[in-house]
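**Student:** Prediction below, plus the sequence it came from.
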Amino acid sequence: MENNKHLLTMSILASPNMANFSGVVHGGEILKLLDQVAYACATRYCGVGVVTLAVDQVLFRHPIPIGSLMHFYASINFTGNTSCEVGIRTEYEDLKTQKRIHCNSAYFTMIALNEKKQKVQIPPFVPQNEEQKRRFQEAKERREKRFG
Ligand code: GDP
């Protein structure tokens, strides 16, 4: 069986308590959910707890209507020694028509920590197919831009 430990999918209903004054999902709410998805994806991959070091890009392409179903597709794109990049593609689905809209892409860098809060080594992610290789390279470039 293929090992899909680097992949995670979460779906959450956009409920009225998530609304902003315009009646769509609040941007802060989306950020919180994205951070939780990144936490879940990286923790499962690393096998230890993680914390967020950086968020590289969050582009709100489309407002998310209340009542729609948000789908978060997360994947480990890159691993360094003690940090990794989790990419998340967000789509929302109109439940009545099943139409899906790509509304957000984000890239989180997470650090793996043991119980003593010391950084620990992460199992290296080796990209297998062309898409993984492209994402790996793009993650590396984002990291180089950030740290110089
Ligand atoms: P990309 O980074 O240029 O490929 O842009 P996308 O918006 O398509 O995806 C953003 C990130 O979400 C990717 O870098 C992946 O980490 C993750 N991702 C995209 N598609 C999928 C998918 O089908 N499943 C999972 N688990 N993750 C995905």
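**Tutor:** Happy to help now that I have it.
**Student:** Which residues lie in contact with Pro127 in this structure?
**Tutor:** Lys133, Arg135, Phe136 (Cβ atoms under 8 Å, 6 or more residues apart in numbering). To be clear about C-beta, it is placed using only N, CA and C from the backbone, and glycine gets the same treatment.
**Student:** Report all helices and strands that the longest helix seen in the chain contacts.
**Tutor:** Counting by DSSP state H, the longest helix found in the chain is helix 27-46. Applying 3 or more Cβ pairs under 8 Å, 6 or more residues apart in numbering; DSSP states H and E, one finds that helix 27-46 contacts strand 7-13, strand 49-58, strand 69-79, strand 83-94, strand 99-113.
**Student:** strands paired with the fourth one, and their directions?
**Tutor:** Just to be clear, that refers to strand 83-94. strand 69-79 (antiparallel), strand 99-113 (antiparallel) (DSSP bridges).
**Student:** Determine which of the ones you listed approaches Ala42 most closely.
**Tutor:** Closest approach to Ala42 among those (Cβ to Cβ): strand 99-113, 4.0 Å.
**Student:** Any idea how many residues pack against the residue of the chain found nearest the ligand?
**Tutor:** Proximity of the chain to the ligand (Cβ to the nearest ligand atom) peaks at Gly87, 2.3 Å away. Per other Cβ atoms under 10 Å, the neighbour tally for Gly87 reads 22.
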